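A.B. asks: Fold the stuff below for me.
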Amino acid sequence: MANAYRQIFAVPGTAAFSSAGLVARLATAMTRFGIVAMLSQQPGEYALAGAVTATHAIAYALVGPRLARAVDRHGQRRVLLPAAAVGAVALTVLALCHRLAAPSWTLFLAAAVAGVIPNVGSMVRARWAEIFRGTDQLHPAYSLESVVDETVFTLGPVLAIGLSTAFAPEAGLLAAAGLLALGSWLLAGQRATEPPVRPAERVRSGSAIRNPGLPALVVTFLAIGAVFASIEVITVAFAAERGDKAMASWVLAVYAIGSALAGLVYGGLTPRGTVRGRLLTGTLLMTVTMVPLLVTGNLLLLGVVLFVAGTACAPTMATAMGMVELAVPRGQLTEGMTWASTGLGLGIALGAALAGAVVDRSGAGPAFAVPVACGALAVAAVLAGVRAVPRTPAEADPSPVAVSA
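C.D. replies: Down below sits the predicted model:
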């Protein structure tokens with residue numbers, strides 16, 4: 001397994017752009033929780049915190065695919081640096097508006113402008129694809145990125161909330177702004193691994209979302225995002241009902257560890273079959289392994305079930321992004337992956353809201369039906385998506401192991 005990762009990092013520049021991307025993506029993971037932590041430290045401000053966070057999320061979802069389309073047409077450096085600069089400044093202004101007790105509308109405006117934060121994960125994966133397309137090394141590269149995603153979205157909230165609590169309400173958001181600027185600057189400086197702009201593809205009109213199969217795959221990511229968020233919300237409620245709310249963080253950590261370990265192991269293996277078949281298998285496993293949640297009675301058993309369920313997450317995410325790669329032309333790869341990330345983000349928001357509503361009405365135990373139902377939706381969307389994506393003579397696979405995270 002370790003040999004597979006040594007091989008991909010033996011290529012000059014790969015460690016540099018992957019680590020730079022990690023820094024910038026950590027900033028993205030911190031932003032939402034940084035806003036909430038900053039705005040919710042006074043009684044009665046939870047509604048404002050939620051509204052400002054939603055404004056940022058909506059802006060990010062609207063701007064992200066368009067920004068990614070610009071990356072495909074003009075190159076990463078030309079888009080990444082100005083977008084990251086605007087995003088970092090907007091986050092800083094948002095923090096200053098709170099510190100100076102500016103009118104509430106300034107918070108909404110700054111949060112909306114901060115929606116131009118670039119999707120660095122898609123740019124990093126595009127670099128891996130450019131280097132290893134058509135080779136066995138693409139599989140561990142993309143699997144590694146799924147583990148990086150798991151890591152940053154586990155650490156990001158902890159760092160944002162911890163800094164805001166220990167130092168100042170604005171500390172988490174300011175740290176996110178700094179990391180965004182630093183990581184983007186480091187990534188833009190890696191010119192040797194930046195995917196070239198292909199003139200023949202620059203004139204392609206229309207959005208990547210018009211490619212057959214991609215809308216269904218975006219729904220797949222939306223459903224997966226809803227699974228993740230609903231499990232988080234319900235686990236906290238489950239622990240609270242049993243008088244030990246603090247244990248929720250440990251149980252969720254076990255869920256993340258299961259996913260990360262499985263992602264690393266998966267990347268070191270040579271999977272058999274096609275990306276299409278593996279994606280269907282992955283979503284089925286995600287759904288089936290969550291069914292025992294419906295009859296889980298205590299936190300210990302919940303942790304065991306979530307660890308097992310987590311082992312299906314990172315490999316499935318890796319394969320799902322690989323399917324996106326098959327669905328779009330090379331000249332629209334960054335935009336296609338950004339659409340997938342946008343679906344994931346929307347799913348997280350919807351899943352959290354739906355799970356919260358069911359918990360309030362029926363309690364935590366019955367609410368576990370929400371992630372199971374979302375998993376079933378992912379399976380249905382995969383069936384629609386893989387059938388719509390055109391097949392090539394090589395079974396539509398750029399390589400036997402073309403999966404990503």
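
A.B. asks: all contacts plus neighbour counts: C-alpha atoms, from now on.
C.D. replies: Will do.

A.B. asks: so what pLDDT did Leu159 get?
C.D. replies: What the model reports for Leu159 is a pLDDT of 87.

A.B. asks: Could I get the phi/psi values of it?
C.D. replies: phi -70, psi -50 (degrees, to the nearest 10).

A.B. asks: my read: it touches Gly172, true?
C.D. replies: Yes. Taking contacts as Cα atoms under 8 Å, Leu159 lies within contact range of Gly172: 7.0 Å.

A.B. asks: More neighbours: which of those two?
C.D. replies: Ranked by neighbour count (other Cα atoms under 10 Å), Leu159 and Gly172 place Gly172 first, with 32 against 22.

A.B. asks: Show me what the strand or helix carrying Gln7 is packed up against.
C.D. replies: Assigned by DSSP states H and E, Gln7 belongs to helix 2-9. Applying 3 or more Cα pairs under 8 Å, 6 or more residues apart in numbering; DSSP states H and E, we find helix 2-9 packed against helix 138-166, helix 247-268.

A.B. asks: Could you tell me how far the last one lies from the centre of the chain?
C.D. replies: Right, the one you point to is helix 247-268. 15 Å (Cα atoms, centre = their mean, to the nearest Å).

A.B. asks: Identify all contacting residues around it.
C.D. replies: With Cα atoms under 8 Å, 6 or more residues apart in numbering as the test, helix 247-268 has contacts from 1-5, 139-144, 146-147, 150-151, 154, 232, 235-236, 238-239, 299, 302-303, 306-315.

A.B. asks: and that helix, what's its mean pLDDT?
C.D. replies: For helix 247-268, the mean confidence score works out to 87.

A.B. asks: where are the low-confidence patches of this structure?
C.D. replies: 1-2, 41-46, 198-205, 391-405 (pLDDT under 70).

A.B. asks: follow-up on the earlier one: which parts of the helix holding Gln7 are buried?
C.D. replies: For helix 2-9, burial by neighbour count (16 or more other Cα atoms under 10 Å) applies to 4-5, 8-9.

A.B. asks: With stretch 300-309 instead?
C.D. replies: Quick answer for stretch 300-309 (16+ other Cα under 10 Å): 302-309.

A.B. asks: can I get those residues in CSV with secondary structure?
C.D. replies: Shown next, in CSV, are the buried residues of stretch 300-309 (DSSP: H, G, I helix; E, B strand; the rest coil):
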residue, secondary structure
Leu302, helix
Gly303, helix
Val304, helix
Val305, helix
Leu306, helix
Phe307, helix
Val308, helix
Ala309, helix
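
A.B. asks: quick one, phi/psi of Pro103?
C.D. replies: Per degrees, to the nearest 10, the backbone of Pro103 is at phi -60, psi 150.

A.B. asks: what do you get for Thr334?
C.D. replies: Reported as degrees, to the nearest 10, the phi and psi values for Thr334 are phi -60, psi -40.

A.B. asks: Just to check, it is in contact with Ala68?
C.D. replies: Yes. Using Cα under 8 Å, Thr334 makes contact with Ala68 at a distance of 5.6 Å.

A.B. asks: Between these two, tell me which one has more neighbours.
C.D. replies: Comparing Thr334 with Ala68 by neighbour count (other Cα under 10 Å), the higher total belongs to Thr334, at 32 against 29.

A.B. asks: mind listing what that one touches?
C.D. replies: Contacts of Thr334 (Cα under 8 Å, 6+ apart): 68-69, 71-72, 122-123, 126.

A.B. asks: For these, could you give me TSV that also reports distance to Ala378 and secondary structure?
C.D. replies: Putting those into TSV (distance: Cα to Cα, whole Å; DSSP: H, G, I helix; E, B strand; the rest coil) gives the following:
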residue	distance to Ala378	secondary structure
Ala68	24	helix
Arg69	26	helix
Val71	29	helix
Asp72	28	helix
Ser122	21	helix
Met123	25	helix
Ala126	24	helix
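
A.B. asks: all helices of the stretch 51-200 of the chain, in order?
C.D. replies: Secondary structure of the stretch 51-200 of the chain, counting by DSSP state H, counting those that start in this stretch: helices at 76-99, 104-113, 120-132, 138-166, 171-188, 199-202.
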